[in-house]
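Colleague: quick one, fold the following:
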Amino acid sequence: MHSYIESNKERFLEELKELLRIPSVSTDPAHVPDMQRAAALVAKRLEEAGASAVRVMPTAKHPVVYGEVRVSDAVPTVLVYGHYDVQPADPVDEWTTPPFEPTVRDGKVYARGATDDKGQMYMHLKALELMQHEGAPACNLKFLIEGEEELGSPSLEAFCKEHHELLSADIVLASDTSIVSADIPGIEASLRGLVYFQVDVYGANTDLHSGIFGGAVPNPANALSAIIASLHDAKGRVAIPSFYNNVRTLTKKERAEIARAPHSDAAYRRQLGLRELVGEVGYSTVERSTVRPTLDVNGIWGGFTGEGSKTVIPREAHAKVSVRLVANQDPKEIEKLFLAHIKRVAPAGVRVETRRLDGAAYPYSMSADHIGYRAAELALQTTFRKKPLPLGSGGSIPVVPMFERLFGIKTVLMGFGLPTDNLHAPDEHFLLKNFYRGIETIPLFYKNLAELWTGEPSAPSTATRAKKKAKEASTKTKKQVR
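Modeller: The predicted structure follows:
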């Protein structure tokens, strides 16, 4: 561990605990004052770490914290993204210790937001403090720390458009993802997109007696079942025509890299209590869950579902369906294909209404040859002493493709959480070893990025130059004595 981090690690932890105590739940209007408190504290710590022009900026809902560090026109500008809002703590009674009273056990800090994303966001503030202590960062930095990520960032796109010039940068750096394990680093190289639908099927104007009317009238539950059955073929592929038109075929090299990640289908089954795994034929479990598109029914209801029996033909039935997208798939195009398919397969006699819910998320990918990926790879390899694996996330982070659409820049997803950190669940935690390792790794990312950008080694920091001069002076004195 870096000596400055070692000598300040207890202070770093206590500062993080202070932030974790604030219940900044963005989804609950009752916590609006807490959102303001959290934003103010982040702004205070960002300024103390050495950022200038720090301000808490309003949006349509919760504020954004902004700050910057200007170094030189000759080096790249990095937009550092994070968020200070957290998920609700429910169910609170399943926590071992209260969710907003951070507790350290077994080398981990337990609290809501510990890993998602207060702990990982705070690494960047402490990394800035470390770099300022040693002289200055190797890159220009702009910090964008929002308070609506757990809401889907509804205000952020408008905010970015309004402050386009202020936020302009060459690349984005975010730590809101996981690595493979405590000692095996990884870089999220892809995110799946998302588009979400509700399918409503209507029949008669009331529930009907299944004995008197059965066989003579349309049954919305049966019709919905037929619609759902039409969405996949026997090989586990999505059966919507033209669905795979823009899906890129993985290269042998890419599949080999994915296969490097430690994974056991048997352990995976045991963990989930499953007899067997299913999915698209010809792909591994990891590929199916990260880099291949999928379609899943998330909920289905209609008719009588209470205790006992009630012989009715329901008047209506409903389903919610999510579609995960991969690179080159456009949510708007998939929406058109999905709606057309449902209309085409809808059984006669029922009325079917289909609508998209919420905002769609675009998929995202970054090449391992990208300068940002290479800078992160070198940094992680230095601190973990292992080459990081390229990872694919089955989930979505809508702001990442948004940055690419608005600013034309890529995002490096260099997270330090673990898949077992219980994010969004009771007993969320963050391994302190990785918290400190993140603080040590982030400055190396900037150093590597600046060197790759300019083609020259980064200028040594003030502290490094001072040590060099002291060593030279000592050597000169020894020669004179001789």
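Colleague: buried stuff in the helix or strand where residue 201 lies?
Modeller: Using DSSP states H and E, residue 201 sits within strand 193-202. Within strand 193-202, the residues that count as buried by 16 or more other Cβ atoms under 10 Å are 193-197, 199-202. All C-beta atoms are positioned from the backbone trio N, CA, C, and that covers glycine.
Colleague: give the next helix or strand downstream of that strand.
Modeller: Strand 193-202 is succeeded, C-terminally, by strand 208-209 (DSSP H and E).
Colleague: tell me the domain ranges of the chain?
Modeller: Domain ranges of the chain: 3-190+363-462, 193-247+293-361, per automatic domain parsing.
Colleague: of those domains, flag the one that's most buried.
Modeller: Greatest average neighbour count among these goes to domain 3-190+363-462 (a mean of 20), per mean count of other Cβ atoms under 10 Å.
Colleague: contacting residues around residue 238?
Modeller: With contacts defined as Cβ atoms under 8 Å, 6 or more residues apart in numbering, the neighbours of residue 238 are 231-232, 244, 293-295, 323.
Colleague: and which of these is nearest residue 281?
Modeller: Using Cβ to Cβ, residue 232 is the member of the contacts of residue 238 that sits closest to residue 281, with 11.3 Å.
Colleague: show me the contacts for that closest one.
Modeller: 238-239, 295.
Colleague: now swap in residue 375 and tell me
Modeller: 412, 445-446, 448-449, 452.
Colleague: which of these fall in strands?
Modeller: When the contacts of residue 375 are checked against strands (DSSP state E), the matches are residue 412.
Colleague: now stretch 15-22: mean pLDDT?
Modeller: Regarding stretch 15-22, the rounded mean pLDDT is 98.
Colleague: ok, and what's touching it?
Modeller: By Cβ under 8 Å, 6+ apart, the residues outside stretch 15-22 that reach it are 34, 37-38, 41-42, 45, 84, 100-102, 109, 111-114, 118-119, 122, 126, 435.
Colleague: what segments of the stretch 151-300 of the chain are strands?
Modeller: Counting by DSSP state E, counting those that start in this stretch, one finds strands in the stretch 151-300 of the chain at the ranges 171-174, 186-191, 193-202, 208-209, 294-302.
Colleague: what's the answer for the stretch 301-450 of the chain, then?
Modeller: 312-313, 316-325, 351-361, 364-365, 389-393, 411-413, 429-431.
Colleague: ok, which of these comes nearest residue 24?
Modeller: Using Cβ to Cβ, the nearest of the strands of the stretch 301-450 of the chain to residue 24 is strand 429-431, at 16.1 Å.
Colleague: which other helices and strands does that closest one contact?
Modeller: Applying 3 or more Cβ pairs under 8 Å, 6 or more residues apart in numbering; DSSP states H and E, we find strand 429-431 packed against strand 108-110.
Colleague: work out the gap between the strand it packs on and the centre of the chain.
Modeller: Relative to the mean C-alpha coordinate of its chain, strand 108-110 is positioned 20 Å out (Cα atoms, centre = their mean, to the nearest Å).
Colleague: same question for stretch 282-297.
Modeller: Distance, stretch centre to chain centre, for stretch 282-297: 18 Å (Cα atoms, centre = their mean).
Colleague: quick check: end-to-end length of that stretch?
Modeller: One end of stretch 282-297 to the other measures 22 Å (Cα to Cα, to the nearest Å).
Colleague: just for the stretch 351-482 of the chain, where's the confidence low?
Modeller: 458-482 (pLDDT under 70).
Colleague: likewise the stretch 101-250 of the chain?
Modeller: Within the stretch 101-250 of the chain, no stretch has pLDDT under 70.
Colleague: shouldn't residue 214 be in contact with residue 313?
Modeller: Yes: contact criterion Cβ atoms under 8 Å: residue 214 and residue 313 qualify, at 6.3 Å.
Colleague: give me the distance between the spatially closest residue to residue 222 that is not a sequence neighbour and residue 194.
Modeller: Distances taken as Cβ to Cβ, 6 or more residues apart in numbering put residue 347 closest to residue 222, at 7.8 Å, once the chain neighbours are dropped. Noted for residue 347: a distance of 28 Å to residue 194, by Cβ to Cβ, to the nearest Å.
Colleague: likewise residue 27?
Modeller: From residue 27 across to residue 194, the span is 18 Å (Cβ to Cβ).
Colleague: looking at the contacts of stretch 15-22, which are in strands?
Modeller: Using DSSP E, the contacts of stretch 15-22 in strands are residue 109.
Colleague: quick one: which of the buried residues of strand 193-202 is nearest to residue 327?
Modeller: Residue 327 has its nearest neighbour among the buried residues of strand 193-202 in residue 193, at 8.7 Å by Cβ to Cβ.
Colleague: hey, what's that closest one bridged with?
Modeller: Here residue 193 sits in beta bridges with residue 325, as judged by DSSP bridges.
Colleague: tell me which residues touch it, please.
Modeller: Contacts of residue 193 by Cβ under 8 Å, 6+ apart are 324-326, 329, 331, 360-364, 396, 401.
Colleague: rerun that using 7 Å as the cut-off
Modeller: 324-325, 329, 331, 361-363, 396 (Cβ atoms under 7 Å, 6 or more residues apart in numbering).
Colleague: make TSV out of these and add distance to residue 272.
Modeller: Below are those laid out as TSV (distance: Cβ to Cβ, whole Å):
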residue	distance to residue 272
324	18
325	24
329	27
331	28
361	25
362	29
363	25
396	21
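Colleague: would you turn the contacts of residue 232 into JSON lines with distance to residue 368?
Modeller: JSON lines is the format used below for those (distance: Cβ to Cβ, whole Å):
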{"residue": "238", "distance to residue 368": "28"}
{"residue": "239", "distance to residue 368": "33"}
{"residue": "295", "distance to residue 368": "28"}
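Colleague: out of those residues, the closest to residue 9 would be?
Modeller: Nearest to residue 9 among the contacts of residue 232 is residue 295, at 46.1 Å by Cβ to Cβ.
Colleague: on that earlier part again, do you know which of the strands of the stretch 151-300 of the chain lies nearest residue 80?
Modeller: Closest among the strands of the stretch 151-300 of the chain, using Cβ to Cβ: strand 171-174, at 5.3 Å.
Colleague: which residues sit against that closest one?
Modeller: By Cβ under 7 Å, 6+ apart, the surrounding residues in contact with strand 171-174 are 76, 78-82, 372, 403, 409-414, 445.
Colleague: 8 Å instead?
Modeller: Contact partners of strand 171-174, identified using Cβ under 8 Å, 6+ apart, comprise 76-82, 124, 371-372, 397, 400, 403, 409-415, 442, 445, 449.
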